[in-house]
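A.B. asks: I'd like to go over a predicted model; first the sequence, then the structure.
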Amino acid sequence: MKYATLYAEDVDIGDELPSLVKGPIQQIQLTRYAGASGDFNPIHQDDEFAKAAGMGGVFAHGMLSMGFVAQALSDWAGAGRVRKLGVRFAALVRLKDVVTCRGRIVGTSSKDDTHLVEVEVWAENQHGEKVVTGHATVALPSRG
Amino acid sequence: MPITLDRAVVGKAFPPYAVTVERGKIKEFARAVGDLNPFYLDDRVGAASEWGDIIAPPTFATTFRDDSLDYTAFLRELGTDISRVLHGEQEFELHQPLQPGRTYLCRAKVVDIYEKTGKSGPMGFVVRETTITDADNEIVGTMRAVTVVRL
């Protein structure tokens, strides 16, 4: 069930997160994201500008892809559970690209009442090329 | 001819700026990402939650911009311009979710500048860190952004 509560006891190292498929990326989403985020860099809106800058055309904000990864994490762990999310933007996301976000649990720890889960996260395009790689820490409640 | 980044910018602290989170802005941001989680969008779900109100998605602090800062001037100070920069890396650390109606204070500074040569030529890396504190001066989160400059 989507948005169900996930407990620390429910996760194990090696478990994979449910994948989240986003896109195909459309220009209107980049325009909408520019407005919502305040990042109006024309390289994400204006094809002529992006070509003149040597980028071969417009591409998505890295932060939009990071938002997709954050969604994959909170769809799985619940809203408000992400304590840390760090990513590298490994490749450009282009118009019409389909972005699939994935994750795998690489560590767990508990101290007092805090149960932390370390997650390797990444997003790949429709060619299987990684566009985002990173690491997240989520804090889960305990059944106890 | 390749450009050179001005390393004298390392240590530069920007003037602190305050941001008051608007309820509608959280919802606009979540919808723009296509993340329709009810804890971000539904006031009733938020009111019944452990936080007592809706919360912002993990990357929402990217909207915390200093409207009075001339980013173009900063890039010029570095020795570059907007057509040469890319977002290389980003990190958010959050001790608690950001919420509507709260005012946060952001303190940003340039913590490092370095150069590397990649497959597409020489690149400069500018690392900025922003500390976010709440009205009680408690740190609620930090952001770390790496801007890549094509030299």
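C.D. replies: Nice, I can see it.

A.B. asks: tell me which helix or strand of chain B sits lowest on mean pLDDT?
C.D. replies: Across the helices and strands of chain B, mean pLDDT, DSSP states H and E gives its lowest value to helix B:71-78, namely a mean of 88.

A.B. asks: now the strands for the chain?
C.D. replies: Picked chain A for this. A:20-22, A:82-89, A:99-111, A:114-124, A:130-140 (DSSP state E).

A.B. asks: ah, no, chain B please
C.D. replies: Going by DSSP E, chain B shows strands at B:17-20, B:85-94, B:103-118, B:121-133, B:139-150.

A.B. asks: which residues does residue B:149 bridge with?
C.D. replies: Beta-bridge partners recorded for residue B:149 (DSSP bridges): residue B:85, residue B:124.

A.B. asks: Now do the contacts for residue A:76.
C.D. replies: By CB atoms under 8 Å, 6 or more residues apart in numbering or on different chains, the contact list for residue A:76 reads A:6, A:17, A:18, A:103. Quick note: C-beta positions are derived from backbone N, CA and C, even for glycine.

A.B. asks: how about the residues of chain B that lie near chain A?
C.D. replies: B:25, B:28-29, B:31-35, B:37-40, B:49-51, B:55, B:57-59, B:62-63, B:65, B:82-84, B:86-95, B:97, B:144, B:150 (CB under 8 Å from any CB of the partner chain).

A.B. asks: roughly how far is the longest helix anywhere in chain A from the heart of the chain?
C.D. replies: In chain A, taking DSSP state H as the definition, the longest helix is helix A:62-77. Relative to the centre of its chain, helix A:62-77 is centred 3 Å away, using CA atoms, centre = their mean, to the nearest Å.

A.B. asks: pLDDT on it, on average?
C.D. replies: The predicted model assigns helix A:62-77 a mean pLDDT of 98.

A.B. asks: Which pLDDT value does the model give the residue nearest to the spatial centre of chain B?
C.D. replies: Central residue of chain B (CA atoms, centre = their mean): residue B:62, 3.8 Å from the mean position. pLDDT, residue B:62: 97.

A.B. asks: Double-check it against residue A:37; I have them as touching.
C.D. replies: Yes - applying CB atoms under 8 Å, one finds residue B:62 in contact with residue A:37, separated by 5.6 Å.

A.B. asks: how about the residues of chain A near chain B?
C.D. replies: Near chain B, when you scan chain A using CB under 8 Å from any CB, you find A:3, A:22, A:29, A:32-33, A:35-39, A:41-43, A:49, A:52-54, A:61-64, A:66-68, A:70-71, A:73-75, A:78-80, A:82-89.

A.B. asks: By residue count, what's the longest helix in chain B?
C.D. replies: helix B:23-33.

A.B. asks: From the contact counts, what lies against it?
C.D. replies: Packed against helix B:23-33 by the contact rule (3 or more CB pairs under 8 Å, 6 or more residues apart in numbering or on different chains; DSSP states H and E) you find helix A:27-37, helix A:62-77, helix B:38-41.

A.B. asks: same question for the last one, mean pLDDT?
C.D. replies: Spelled out, that is helix B:38-41. Regarding helix B:38-41, the rounded mean pLDDT is 98.

A.B. asks: got it, and stretch A:127-136?
C.D. replies: 98.

A.B. asks: May I have that stretch exported as CSV, CA atoms only?
C.D. replies: Extracted C-alpha coordinates of stretch A:127-136, given in CSV (Å, rounded to 0.1, in the frame of the first residue of the first chain):
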residue,chain,number,x,y,z
HIS,A,127,19.1,3.5,-21.8
GLY,A,128,20.1,2.2,-18.3
GLU,A,129,22.6,5.1,-18.0
LYS,A,130,22.9,6.5,-14.5
VAL,A,131,21.9,10.1,-14.4
VAL,A,132,22.0,10.5,-10.6
THR,A,133,24.0,8.6,-8.0
GLY,A,134,23.9,9.2,-4.3
HIS,A,135,23.3,8.2,-0.7
ALA,A,136,20.5,8.8,1.8
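
A.B. asks: contacts for it?
C.D. replies: In contact with stretch A:127-136 (CB under 8 Å, 6+ apart) are residues A:62, A:65-66, A:69, A:73, A:82, A:84-93, A:97, A:99, A:101, A:103, A:118-125.
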